[in-house]
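sequence first, predicted coordinates after that:
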Amino acid sequence: MTKTQPGEARSTPLPWAETPFPGAVAPSPIPTPLLPPGLLVPFPPALEAEGPVHRATAVGSSVLLPGLDNVAYSNSMHWEFLNGTGPHTILQHDGGAHAPAIHAPYAGRAVFHPSNGSLLLEDVQESDSGTYRVTVNTGDRKSLEIQLEVLQPVSHPQLQTSPLLARASGQVVCEVAEGRVDTITWKKDGQPLPPDRVSQLSSGRSVLYLRPAKKSDCGSYSCNASNRISWQETSVKVAIEGLSRRLKHTLRIALVAVVFAVISAWGLIIPVCQSEKLRIRGELWRWLSSYTCGLVCIACILDGTVGILWMWEEGPSVAVLLLEITLSYLIVVTFLVATTVIFQPTDFNHLKSKKAQRTMGYAAPGAVVTVVLSSTFLIKNIYHRHAAEGCTEFMDVVILVVSTAVVSALPLLAIGLCYHTTQGWHKDHDVPWMDKVRSFEMSQPGNKDTIPS
C-alpha cells in the first residue's frame, strides 16, 4: 500500500452538540461555536432540569458551567464531580459574597461566581469528562447535573491508496491518528458516496472499496472525519491505470521488435539500391547479410513473445495462434540464413532448388513485413485498451525507441563506414595505375606524334 499525499485539507470546528443522553430531557440553548484552547466556552443559563444535560468541548478550552436560575447570595450551594468512584466535592458555598475554597484537583483552575452560582473550569482535559452537579438549598433542595465531555479535536485524515488497476480490486484507506472520531464520510467530486462502497473498520479508520476499478472511478475523493466539536477533511486525486504491468512489458517488447524490423529493412534495401559496380561484396557483404538476417530473427522472436503475453492477458486467439506459427517458421529460416552466411557462405552456390533459393531470398523481407504489421496492430490495441479503461498518461516510449534505434543501427553504420573507406582506398590506387597505362601507350612508336586536341 502506498501513501498518497492529500490534495487538499480543511478544518472547521463544529458547534457543540445539544443531544442529551438517552432518557434525559435537554433544554434548547443557542449553539456556541468552539473557541481556540484557552478561551472561554460559555454555556447558556440553565433552568431547572429533570435530567443531566450533555455538553461537549475541546481540550484546553475554558468552560462555564451554569448554576440554577434565581439564586441569591444567601443560598447554600454545593458543586461536586461524579465519577465511577463516587462524588468528589469541588466547593461548598454557605452563602454570602465571599468565594469559598476550591478543593483539589480544581484549585487554581476553577473560578466560582456566587452571584449566579456558575463555575468556570479553565484548561480542561479529557480527565475532566464526567458529570458535574450543583445543589442549591432554597428551602427545598434543587439540583442540576451537567455531563461534560472533553474531546481532543480530530487530526487531518491520512489517505492511502493501493495500486489502482483497471479490472482489478482496489481500495482507498482513510485513517485519523488523533482524536476520537464519531463519523467518517466520503465524497467523490463533491458528491456523497453510497454507504455500500465504504466499510468503517474502526472509529478512526475507514476503507473505500473499488470492486473492480474502472475509468469512471477516476476523480477527487475526500474523507471527512468529525466528532462533536470539530471536523477535518483531506482530498486525494485517484487515477486508474489502464494497463497492467504485463501489458506494459508487452508494449515495450513490441516497440523494440518494430524498431529491429525497420533497421533490418534498411540493411536489406541498401544493397538492392546500389549499382552493380558499387554493390557491397566479399567480407562486408557477409557481415551485412548475417547481421540483417540475425536482427530479423531477433525481431521475430520478440514479436512471438508479444503474442504470447497478449494471449496471457486477453485469452487465446485464433489470429494470434496463426501468427505464432508463421513467426516460428520465419525464425527457423532467418536463423539458418544468418548462420550459413557467416560460417559457410559457399553453401548458397550449391543450392540447386529454385524453391529453396526463393525461400532463402524472401524469408528476411517477409519476416520484416510480418513483424511490422503484427506488432503495430498489437501496439494499437494496447493503446486503445489504455484509453478506454484508464485515466493516467500513456507510457513515455520516446527514449526506448530512440535508444533501440541507435544501438541497432550502429553495426550498419560501421559496415557502411568500412565500405566507403575501402572504396576510397581503391580509387586512390586506381589513378596511379591508369597513369602508368597511359604512359605506356604514349611510349609506343605509333603514338609519339599523337597530340591530344
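In hand now; what should we look at? Numbers count the residues shown, from 1 in each chain.

strands paired with the strand ranked longest in the chain, and their directions?
Longest strand in the chain, counting residues (DSSP state E): strand 141-151. Taking DSSP bridges as the criterion, strand 141-151 forms sheet pairs with strand 53-58 (parallel), strand 130-137 (antiparallel).

let me see the mean pLDDT of the shortest one.
Spelled out, that is strand 53-58. The pLDDT scores in strand 53-58 average 86.

any chance you could list what contacts stretch 290-308?
Contacts to stretch 290-308, defined as CB atoms under 8 Å, 6 or more residues apart in numbering, come from residues 250, 253-254, 256-258, 260-261, 263-264, 267-268, 320, 323-324, 327-328, 330-331, 334-335, 337-339, 341-342, 363-364, 367-368, 370-371, 374-375, 378, 408, 411-412, 415. (Glycine included, C-beta is placed from N, CA and C.)

what do you get if the cut-off is 6 Å, keeping everything else the same?
Residues outside stretch 290-308 that contact it (CB atoms under 6 Å, 6 or more residues apart in numbering): 250, 253-254, 256-257, 260-261, 264, 267-268, 320, 323-324, 327, 330-331, 334-335, 337-338, 341-342, 364, 367-368, 371, 374-375, 378, 411.

show me what counts as buried in it.
290-307 (16 or more other CB atoms under 10 Å).

phi and psi next, for residue 336.
phi -60, psi -40 (degrees, to the nearest 10).

count of neighbours near the nearest residue to residue 59 once chain neighbours are set aside?
Leaving aside its chain neighbours, residue 59 sits nearest to residue 152 (5.2 Å; criterion: CB to CB, 6 or more residues apart in numbering). If you count neighbours by other CB atoms under 10 Å, residue 152 ends up with 16.

so residue 152 touches residue 179, yeah?
Yes - if you go by CB atoms under 6 Å, residue 152 and residue 179 touch, sitting 4.3 Å apart.

and the closest residue to residue 213 other than its chain neighbours, how many residues sit next to it?
In space, and not counting its chain neighbours, residue 213 is closest to residue 170: 4.5 Å by CB to CB, 6+ apart. Close neighbours of residue 170, defined as other CB under 10 Å, add up to 20.

got the contact list for stretch 386-394?
By CB under 6 Å, 6+ apart, stretch 386-394 touches 166, 215, 218, 239-243.

can I get that stretch as PDB, trimmed to CA atoms?
Extracted in PDB, the C-alpha atoms of stretch 386-394 (Å, rounded to 0.1, in the frame of the first residue of the first chain):
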ATOM      1  CA  HIS A 386      -5.300   2.200 -22.100                       C
ATOM      2  CA  ALA A 387      -7.600   5.000 -23.400                       C
ATOM      3  CA  ALA A 388     -10.800   3.000 -22.800                       C
ATOM      4  CA  GLU A 389     -10.100   1.800 -19.200                       C
ATOM      5  CA  GLY A 390      -7.600   4.100 -17.600                       C
ATOM      6  CA  CYS A 391      -7.100   7.800 -16.900                       C
ATOM      7  CA  THR A 392      -3.400   8.100 -16.400                       C
ATOM      8  CA  GLU A 393      -1.000   9.300 -19.100                       C
ATOM      9  CA  PHE A 394       0.200   6.900 -21.700                       C
END
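
please convert the strands paired with strand 141-151 to CSV, extending it with distance to residue 199 and mean neighbour count.
Conversion of those to CSV gives the following (distance: least, CB to CB, whole Å; neighbours: other CB atoms under 10 Å):
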stretch, distance to residue 199, mean neighbour count
strand 53-58, 27, 23
strand 130-137, 33, 19
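
just send the ones you listed back as TSV, with distance to residue 223 too.
Converted to TSV, those look like this (distance: least, CB to CB, whole Å):
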stretch	distance to residue 223
strand 53-58	21
strand 130-137	32
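
and the helix or strand containing residue 381, what's buried?
Assessed by DSSP states H and E, residue 381 sits inside helix 354-389. Neighbour-count burial for helix 354-389, counted by 16+ other CB under 10 Å, picks out 359-360, 363-364, 366-368, 370-372, 374-375, 378-379, 382, 385-386, 389.

repeat for stretch 169-189
170-176, 179-181, 184-188.

would you mind checking the average pLDDT for that stretch?
90.

could you do stretch 238-258 as well?
On average, stretch 238-258 scores 94.

again with stretch 297-316
Rounded mean pLDDT across stretch 297-316 is 93.

the residue nearest to residue 59 and residue 227, how far apart?
Computed as CB to CB, to the nearest Å, the residue 152 to residue 227 distance reads 8 Å.

report the contact partners of residue 260.
Contacts of residue 260 by CB under 6 Å, 6+ apart are 295, 298-299, 408.

looking at the strands paired with strand 141-151, which is nearest to residue 209?
strand 53-58 (32.0 Å; CB to CB).

what's the following helix or strand after that closest one?
Toward the C-terminus from strand 53-58 - assigned by DSSP H and E - lies strand 62-65.

could you dump that following strand to CSV, C-alpha only?
Extracted C-alpha coordinates of strand 62-65, given in CSV (Å, rounded to 0.1, in the frame of the first residue of the first chain):
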residue,chain,number,x,y,z
SER,A,62,-12.4,27.1,29.4
VAL,A,63,-15.9,26.0,30.2
LEU,A,64,-18.5,27.9,32.2
LEU,A,65,-20.9,25.5,33.9
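
so what are the sheet partners of that strand and their directions?
strand 40-42 (parallel), strand 118-121 (antiparallel).

just how off-centre is it within its chain?
47 Å (CA atoms, centre = their mean, to the nearest Å).

what average pLDDT does it get?
Per-residue scores along strand 62-65 average to 91.

and the contacts of the next helix or strand after it?
Remark: after strand 62-65, the chain's next helix or strand is strand 76-83, criterion DSSP H and E. With contacts defined as CB under 6 Å, 6+ apart, strand 76-83 is touched by 87-95, 117, 119, 130-137.

buried residues in strand 76-83?
77-81.

so for it, mean pLDDT?
Rounded mean pLDDT across strand 76-83 is 88.
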